[in-house]
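Engineer: pasting the structure only:
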């Protein structure tokens, strides 16, 4: 029998951690719901004058902040893959080419509803649906996945939160499974300006040193297998 933590149950909304993080999860969900709905953001003039704002408004910034997880762990045919904080990724990334089974969990009900209404139309065999829920309470079973992915949101939560997330990811991964996620590198030239922009867009950013992140990964029983640098984010592949 596996000795993974929390092996005999799923996390539910009644767990002690849930209430502690509820407000922050709701804040981040609200920020991304507005984005997915195409709502406008009213920002101060001094923020709009920042070069990074102009890149964000024009769409140029998107290419700088997307972490290509498939470059360090491409989903393989018939693998069961969990995309945590998936947004609308099944509509964007080539899951049909990879022939891997896609499961998602997302805090934005707008993104969840969009994927659930369109994903099965694209490929009803590969698309296994998206659950509404936060990263520290995965609605999936012990040893269910070959690969877990979490990109684009780690910076909105403190390391204490991510200690819980790492334990949850370990629980749902099969032995030998891989976890790929990205971390905002505070040493990158754009990091502080991006953190300011995101805070004004509605979600505070935590600028945690990479060394502290790596300590958190190690404390959770994780081993860094691969690391790849981007303009803002470091992409990590971890095994437990």
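Structural biologist: Received the coordinates, thanks. These numbers come from a predicted model, not from an experiment.
Engineer: any chance you could map the helices in this structure?
Structural biologist: Counting by DSSP state H, the chain has helices at residues 16-36, 45-48, 51-58, 60-65, 89-92, 95-98, 109-122, 159-172, 191-201, 210-219.
Engineer: Enumerate every residue touching the spatially most central residue of the chain.
Structural biologist: Residue closest to the average C-alpha location in the chain (CA atoms, centre = their mean): residue 150, at 3.1 Å. By CB atoms under 8 Å, 6 or more residues apart in numbering, the contact list for residue 150 reads 83-85, 135, 165, 169, 179-182. C-beta here means a position set from N, CA and C on the backbone, and glycine is covered the same way.
Engineer: that older thread, looking at the helices of the chain, which is closest to residue 231?
Structural biologist: helix 60-65 (4.4 Å; CB to CB).
Engineer: now the residue in the chain sticking out farthest from the centre: how far from residue 153?
Structural biologist: Here the chain reaches farthest from its C-alpha mean at residue 45, the gap being 30.3 Å by CA atoms, centre = their mean. Using CB to CB, to the nearest Å, we find residue 45 at a distance of 28 Å from residue 153.
Engineer: And for residue 121?
Structural biologist: Relative to residue 153, residue 121 is positioned 26 Å away (CB to CB).
Engineer: Equivalent analysis for residue 58, please.
Structural biologist: Residue 58 is 23 Å from residue 153, where distance means CB to CB.
Engineer: and if you look at residue 101?
Structural biologist: Relative to residue 153, residue 101 is positioned 22 Å away (criterion: CB to CB).
Engineer: Which one's more surrounded, residue 121 and residue 153?
Structural biologist: residue 153 (19 against 8; other CB atoms under 10 Å).
Engineer: so what's the more buried one up against?
Structural biologist: By CB under 8 Å, 6+ apart, the contact set of residue 153 is 28, 85, 135.
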